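S.K.: What shape does this take:
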Amino acid sequence: MSVPSSTRRSRGEAVFFEGIYGQGKPLAILKRSVEKGRVPHAFLFHGMKGVGKRTTALAFAKTLNCDTLDACGLCPSCRKIENGNHPDVVVIEPRGQFIKIEDIRDLRNQMRFRPLEGRKRIFILIDAERMNITSANAVLKTLEEPSLANVLILISSRPYQLPMTILSRCQKLRFHPIPSIEVARCLEEKAGLDAETAAALAASSGGSIGRALEMHGESYLAERKQFIEKIGEGFSDPMKGILFAGDFGKERKDIQMRFEILKNWYRDLLVYKETGEAARLVHRDFADDIQAMAGGMTAEEILSDLDTIAWAYDALEKNANKQLTLEAMAFKLSRQA
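M.R.: Alright, predicted model coming up:
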């Protein structure tokens, strides 16, 4: 089936992976494999969460099955993939803690047949490291019996948890953290955020568009502002520091978020102390406050505080008493501030 000539793109206008940010190298490899007609039967897309692995896998599925051969986004095949109802594009995700063996068996059964509509059948395993031993062995059998009609894409943020026998049979493409300028551009273009908000979220995202969008939905910037104000107040003396420990919240997710803010704050103090460049800061919209606090500390003191924060975070990860650990951390930071 083909699209009308009025909507068909020429090969010179091929879009391939349009709308994917900051992943030039893996996209170039995928594009080249399509152009040369040498698409491997199995890939591993690996990298931190929120950097475009799933989006790229679906765009690749469009490219392989597009009626105009260029992932036009307009033809019936591309639209079905976009809407999640293409019979030859199957996405498998964990149900509960693991990817279920029933889903892998169904995948293997579908691979026995020719594609129903497209040129290729694409199977995408999200969080592939969450396969149990039985599921992983079933996938391994699939990899040992490749078919030209099928492409298997494993997606993982923890590839080291996958068996080496599986890793060795996949073409591995690493997705790197996305430059903050690209994250900000995506937030402006796709989420409609103003430049200032997009830049602040991008700087705090760690190079993850997914994380930046989550932070926007969680009102992260407002909470960050309140917490940073308490950092300035909380370390003026040891007793205030102990009270500051209560501002970390009770939920694990809230505590982790506040530790991230605190670690980046002290990281920014050190960066500004050493370079004097506000453009290098994560919390660059608080550059004046960072400059003022860094001016009253030595680099050695900031490094010592970073060690204290790392110690406290590691202790909590090992299930140390939360209140005592946070109070001890705050007391040490207050004494050194």
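S.K.: mean confidence for the lengthiest strand in the chain?
M.R.: Using DSSP state E to define each element, the chain has its longest strand at strand 150-156. Taken as a whole, strand 150-156 carries a mean pLDDT of 97.
S.K.: do the same with stretch 326-337
M.R.: 76.
S.K.: Which positions within that stretch qualify as buried?
M.R.: If you call a residue buried by 16 or more other CB atoms under 10 Å, then stretch 326-337 has these buried ones: 326-334, 337. Any C-beta I mention is one placed from the backbone N, CA and C, and that applies to glycine too.
S.K.: before we move on, what about stretch 35-45?
M.R.: 39, 41-45.
S.K.: check contacts around Thr275.
M.R.: By CB atoms under 8 Å, 6 or more residues apart in numbering, no residues touch Thr275.
S.K.: just to revisit the earlier point, would you list the buried residues of stretch 326-337 in CSV and tack on distance to Cys170 and secondary structure?
M.R.: Below are the buried residues of stretch 326-337 laid out as CSV (distance: CB to CB, whole Å; DSSP: H, G, I helix; E, B strand; the rest coil):
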residue, distance to Cys170, secondary structure
Leu326, 43, helix
Glu327, 48, helix
Ala328, 45, helix
Met329, 42, helix
Ala330, 46, helix
Phe331, 49, helix
Lys332, 46, helix
Leu333, 45, helix
Ser334, 50, helix
Ala337, 50, coil
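S.K.: ok, those vs Ala312, which is closest?
M.R.: If you rank the buried residues of stretch 326-337 by distance to Ala312 using CB to CB, Met329 comes first, at 3.8 Å.
S.K.: Now the closest one: closest residue in space that isn't a chain neighbour?
M.R.: Ala312 (3.8 Å; CB to CB, 6 or more residues apart in numbering).
S.K.: how close does the one you found sit to Phe286?
M.R.: Distance of Ala312 to Phe286, computed by CB to CB, to the nearest Å: 22 Å.
S.K.: repeat for Arg130
M.R.: Relative to Phe286, and taking CB to CB, Arg130 is found at 38 Å.
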